[in-house]
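Chemist: this is a predicted model, with the sequence first.
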Amino acid sequence: MNVRLRQDAILRILRRNATSTVADLAEEVGASRRTVLRDISALREEGFMIHSEAGRGGGVQLDPQSVQTTTQLSVVEVFALLISVASMRFAGTLPFSALADSGLAKIEKTLPGDKVRDLRRFLDCLYIGQLSPLVDISNMETMEPELLPAFETAFLEQLNLSFEYRDAKGVVTSRIVEPQAMLILPPLWYLVAWDPSRNDFRHFRMDRISKPEYLEGTSFQRRYVPFKDEVSPIRDLPR
């Protein structure tokens, strides 16, 4: 577990437990007591109010108010939350949708203005629709976590994107494309891109994409993507 993931795990544990000992934290995150103490010190420097009490009955406590004022989410993290909620709502599987929307609205309000603009531009690239029942999803795999961060930069800065793509027959090819949109057809996700080598649009299943990288020094123009009538921009969906 890298440093950021371990520190995030420590924060989650402290949020859920009124008090935790350093030994318990170390065991849960799989690190030494010394490493956990360094992590706690680093989190305090970031502004989290973490209190320590020595002796029997003591331990480590996180002031819950500090979470609301200091936690910083990236554009891609907020994007992931928004599209997860939107796709669940579209599929009719989102209970407590009003609470989810309220929470997301509060998160968006904490973002600086430049991040809000980036988030809106990123969301403008997102579309959602219904998957045909004829599509085989038996071989669907997990999408790589590197996809969204690479897509964020490629979409916002209009940079070409390179990746390896495995087709339905298992053949792997290297691709360089101009990313134009993301399409969610639950449970499948697609990258819609202009492929210069084929002079046409292509839909790439995101669970078949690996090793995504945006290419510095490249650029492209946005193109009109001819979606079917039943596909909607996510920004136009009712909340």
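Modeler: Happy to help now that I have it. Numbering: from 1, shown residues only.

Chemist: ok, now how distant is the residue nearest the centre of the chain from residue 44?
Modeler: Ranked by distance to the mean C-alpha position of the chain (CA atoms, centre = their mean), the top residue is residue 80 at 3.5 Å. Taking CB to CB, to the nearest Å as the criterion, residue 80 is separated from residue 44 by 27 Å. In short, each C-beta sits where N, CA and C put it, glycine included.

Chemist: before we move on, what about residue 37?
Modeler: The gap separating residue 37 from residue 44 is 11 Å, by CB to CB.

Chemist: tell me which element residue 190 falls in.
Modeler: Residue 190 belongs to strand 188-195 when assigned by DSSP states H and E.

Chemist: tell me the strands beside that strand, with direction?
Modeler: Using DSSP bridges, strand 188-195 pairs in its sheet with strand 172-185 (antiparallel), strand 200-205 (antiparallel).

Chemist: tell me the mean pLDDT over it?
Modeler: Across strand 188-195, pLDDT averages out at 96.

Chemist: picking that back up, so which of the strands paired with strand 188-195 is the most packed in?
Modeler: Among those, strand 172-185 has the highest mean neighbour count (mean count of other CB atoms under 10 Å), at a mean of 18.

Chemist: would you put the C-alpha positions of that one in PDB?
Modeler: Only the C-alpha atoms of strand 172-185 are listed here, as PDB (Å, rounded to 0.1, in the frame of the first residue of the first chain):
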ATOM      1  CA  VAL A 172      -4.100  -6.900 -28.700                       C
ATOM      2  CA  THR A 173      -3.200  -3.800 -30.800                       C
ATOM      3  CA  SER A 174      -1.600  -0.400 -30.000                       C
ATOM      4  CA  ARG A 175      -3.900   2.600 -30.700                       C
ATOM      5  CA  ILE A 176      -3.400   6.400 -30.800                       C
ATOM      6  CA  VAL A 177      -6.700   8.200 -30.900                       C
ATOM      7  CA  GLU A 178      -8.400  11.600 -30.300                       C
ATOM      8  CA  PRO A 179     -10.700  11.100 -27.300                       C
ATOM      9  CA  GLN A 180     -14.100  12.700 -28.000                       C
ATOM     10  CA  ALA A 181     -16.600  11.300 -25.500                       C
ATOM     11  CA  MET A 182     -17.200   8.600 -22.800                       C
ATOM     12  CA  LEU A 183     -20.400   6.500 -23.200                       C
ATOM     13  CA  ILE A 184     -22.000   4.600 -20.300                       C
ATOM     14  CA  LEU A 185     -24.300   1.700 -21.400                       C
END
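
Chemist: what residues sit buried inside the strand holding residue 190?
Modeler: 188, 189, 190, 191, 192, 193, 194 (16 or more other CB atoms under 10 Å).

Chemist: so who does residue 218 touch?
Modeler: 159, 160 (CB atoms under 8 Å, 6 or more residues apart in numbering).

Chemist: from residue 157, how far out is it?
Modeler: 9 Å.

Chemist: so what pLDDT did residue 116 get?
Modeler: On the pLDDT scale, residue 116 is placed at 82.
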